[in-house]
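K.L.:
coordinates for the following, if possible.
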Amino acid sequence: GKIESEIEEPEIKNSKKIELKYVLVSIFIFVILIISIGYHFMKEYSTELLIEDGWKLYNNKNYENSILKFEKVIKKDPNNYIGYGGLGANYFRLESFEKAINNFEKSIELNLNNSNSYMGLGWSFYYLENYEKAIENFEKGYKLNSSDIKIIEGLGMSYFEMGEYEKAELEFLKIMKINPLNDITYATIGTIYIEKIRHNKTNNSKLDLENAKKNLDKALQINFENYLAHRILGIYYIQTHEFKKAELEFLKAIEINSEDSFSFIELGWEIYFKEKNNINKSIIYLKKAEELNPINERNNLRLGWLYYLNKDYNKAILYYNETLKNNSLDGNTYIIIGFCYLEINKIENAKMFINKGQHINGINHFLSSLGSAKISRSEKKIDNALKEYNTSLILINQIPETKAIQTWTNIIQMEYDELVNNNKI
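P.N.:
Predicted structure coming up:
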């Protein structure tokens with residue numbers, strides 16, 4: 001009795017302790033499970049957590065899944081301006097600019113003080129090349145946040161693309177005040193001075209060249225790996241006729257950024273002007289630029305021209321036709337395509353393209369007269385051809401001389417002299 005009870009009692013107590021332990025463990029697991037389910041439930045349906053996840057995915061460049069998160073935000077809260085802003089930002093990164101604009105506009109409707117959405121709208125219109133609308137929205141964003149560098153940069157770049165270089169410079173000077181050690185800003189201001197000279201919008205080319213050099217040197221002093229500064233410095237050296245230095249700068253820009261298609265374009269074009277008999281070398285660099293950016297209109301124009309000079313007329317036609325896809329009102333391109341067709345004896349095609357270009361350019365354009373001269377020459381109407389060549393020379397001599405104009409002058413004069421002296425048709 002007593003001995004048995006003394007033996008059994010501890011076993012019963014231990015058994016109860018074990019049962020209690022299992023109960024407590026089960027309760028603990030159940031609580032953890034409930035918390036976990038609750039967390040995932042909150043994460044799935046809390047707009048704050050959805051927004052947080054959306055921006056994390058955006059920052060990791062996972063734009064498609066980020067869009068799904070922000071769509072859930074809108075579904076849960078149709079008046080959530082951040083959700084629309086998030087959608088706009090993702091569509092912008094995916095280069096769906098129309099969708100980006102629609103969502104940024106909805107975000108602004110819900111919050112008129114949202115400078116980020118005005119900035120997003122501005123950059124979307126910028127990449128659609130609607131610079132007036134870009135400026136309109138950047139200015140609204142600037143009124144709300146005058147220290148946002150991306151907004152100021154957008155204003156500067158929009159003015160730059162419109163050729164309003166003075167206004168562009170003023171915007172980048174604002175950035176310089178905010179961040180005086182921003183190498184990109186110095187490089188961009190240097191670019192502005194160079195472009196003023198290249199587009200004949202300078203009142204003092206010598207002073208603008210000095211200012212360009214000063215800003216480009218400052219950019220490279222801050223960051224010698226700034227490929228843009230090296231590229232523009234190459235263009236600067238072309239302006240000062242220091243061609244070897246120019247080539248070295250373009251090569252340095254390419255060394256830093258092997259995907260800088262514009263440096264390949266400038267290098268190829270610089271070699272063309274420096275080494276007239278080395279067109280194939282120029283083509284090699286321009287073809288490399290084409291690999292990096294197949295839809296660059298400037299590069300297609302230059303490749304077309306080089307193939308024309310190289311007498312590879314079918315390839316010239318191919319590249320010039322590519323430029324017409326983006327600019328169907330470029331009369332010069334139609335006329336040059338016509339010249340190519342003349343060279344391969346497709347006279348009717350030649351007449352069609354030359355007439356189209358003449359219609360766009362008008363009769364008082366040197367290429368229009370040159371087109372008539374070439375057609376008359378192909379039809380053996382020598383007197384009329386000579387008359388049109390002479391008119392073309394008179395018209396081109398009224399244009400400020402550039403390298404391109406000088407090239408055309410030489411071509412017209414050579415063909416005129418050939419017709420006069422040899423009567424070669």
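K.L.:
please enumerate the helices of the stretch 301-425 of the chain.
P.N.:
313-326, 331-343, 347-361, 366-378, 382-396, 403-422 (DSSP state H, counting those that start in this stretch).
K.L.:
list the helices and strands the fifth one packs on?
P.N.:
Counting contacts by 3 or more Cβ pairs under 8 Å, 6 or more residues apart in numbering; DSSP states H and E, helix 382-396 packs against helix 366-378, helix 403-422. Any C-beta I mention is one placed from the backbone N, CA and C, and that applies to glycine too.
K.L.:
residues of it that come out buried?
P.N.:
385-386, 388-389, 391-393, 395-396 (16 or more other Cβ atoms under 10 Å).
K.L.:
out of the residues you listed, flag the one nearest to Trp123.
P.N.:
Ile396 (40.4 Å; Cβ to Cβ).
K.L.:
so what pLDDT did the closest one get?
P.N.:
Looking at Ile396, its pLDDT is 94.
K.L.:
please apply the same query to Ile336.
P.N.:
Looking at Ile336, the pLDDT reads 96.
K.L.:
run a quick neighbour tally on it.
P.N.:
By other Cβ atoms under 10 Å, the residues close to Ile336 number 25.
K.L.:
any figure for the gap between it and Ala316?
P.N.:
8 Å (Cβ to Cβ, to the nearest Å).
K.L.:
okay, and the common contacts of those two?
P.N.:
Common contacts of Ile336 and Ala316 (Cβ atoms under 8 Å, 6 or more residues apart in numbering): 304-305, 308.
K.L.:
does Thr188 really touch Tyr159, like I thought?
P.N.:
No: applying Cβ atoms under 8 Å as the test, Thr188 and Tyr159 come out as separate, 11.5 Å apart.
K.L.:
quick one: the most centrally placed residue in the chain from Ala134, how far?
P.N.:
Note on the chain: the residue nearest the mean C-alpha position is Tyr127, at 7.4 Å, using Cα atoms, centre = their mean. The gap separating Tyr127 from Ala134 is 9 Å, by Cβ to Cβ.
K.L.:
if we can go back for a sec, now, among the shared contacts of Ile336 and Ala316, which is nearest to Asn345?
P.N.:
Tyr308 (15.8 Å).
K.L.:
next, count neighbours for the closest one.
P.N.:
There are 20 residues near Tyr308, going by other Cβ under 10 Å.
K.L.:
list the contacts for the residue nearest to it when sequence neighbours are not counted?
P.N.:
For Tyr308, ignoring the flanking residues on the chain, the nearest one in space by Cβ to Cβ, 6 or more residues apart in numbering is Ala316 at 4.1 Å. The neighbours of Ala316, taking Cβ under 8 Å, 6+ apart as the test, are 304-305, 307-308, 336-337, 340.
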